[in-house]
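A.B. asks: Have a look at this prediction, sequence included:
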Amino acid sequence: MLGGVLILVRHGRTAANAEGRLQGRLDLELDEVGSLQATAVAELVLSTTTVDVVISSPLKRATQTAERFGMPYDVDESWIELAYGEWEGKTHSELPSEAWARWKENPGYIPEGGESLSALDERVRMACAAIAEQASRSNVVVVSHVSPMKSAVAWALDVGIGISWNCHLDHASVCRISFQGTRPVLETFNETAKPR
């Protein structure tokens, strides 16, 4: 890839992830598996790319993953996970099916005390637009979460946030967005490395 690339990295696993719980803004640390995943994903990126800048969501699971890149990183609230409000800490099976249906049908739906997918999408697209020029000429790693990463992919593909229901990202996965001028091009999706 010529020029720069925006490298989106999902954090490693937490205990809540392992239990199938919605985390949102719960500020949990990586579990043992997640710590190994964080090391592996940093090694994957660094083995193929000279990283110029690392940016992280402020949540611990993201900053602990960002630390594995072995260089200073900036914290940016724009890349924080979706706020699930009253659903945070609950398993998928504990949520009423009609709530899921409403959310899938309406990106503007807001769970009590939470954030809509539309609001997340707006802030992430603004963050992508703000970083596009820098990432078009240097290699920028952003360590974030599943929902912001899907929004950034939707931005690169010039499609709506509804795509998030039709794609899957593993823990400690990588998506790469290159640029033709300042036009984003999705290069890879859901790259993963096996922890040693």
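C.D. replies: Structure's in. What do you need?
A.B. asks: Need the three-state assignment for residue 128.
C.D. replies: In the three-state summary, residue 128 is assigned as helix, counting by DSSP: H, G, I helix; E, B strand; the rest coil.
A.B. asks: Need the contact partners of the lowest-mean-pLDDT helix or strand in the chain.
C.D. replies: When the helices and strands of the chain are scored by mean pLDDT, DSSP states H and E, helix 97-105 comes last with a mean of 85. Outside helix 97-105, the residues within contact range by Cβ atoms under 8 Å, 6 or more residues apart in numbering are 87, 109, 111, 117, 165. Every residue, glycine included, has its C-beta placed from N, CA and C.
A.B. asks: Just give the number of residues close to the third one.
C.D. replies: So the one you mean is residue 111. Other residues near residue 111 number 20, with proximity taken as other Cβ atoms under 10 Å.
A.B. asks: Not counting its neighbours along the chain, what's nearest it?
C.D. replies: Take residue 111 and drop its neighbours on the chain: the residue closest to it by Cβ to Cβ, 6 or more residues apart in numbering is residue 85, 4.3 Å away.
A.B. asks: picking up where we left off before, which one of the contacts of helix 97-105 sits in the busiest neighbourhood?
C.D. replies: Neighbour counts for the contacts of helix 97-105 were taken using other Cβ under 10 Å; the highest belongs to residue 117, with 23 neighbours.
A.B. asks: Could you pull up the residues touching that one?
C.D. replies: Contacts of residue 117 (Cβ under 8 Å, 6+ apart): 82, 103, 107, 108, 109, 147, 161, 164.
A.B. asks: With respect to pLDDT, which of those residues ranks lowest?
C.D. replies: Ranked by pLDDT, the contacts of residue 117 bottom out at residue 103 (84).
A.B. asks: Tell me which residue is most central in the protein.
C.D. replies: Centroid-nearest residue in the chain, with Cα atoms, centre = their mean: residue 145, separated by 3.0 Å.
A.B. asks: Tell me where this protein is predicted with low confidence.
C.D. replies: For the chain, applying pLDDT under 70 flags the ranges 1-2, 196.
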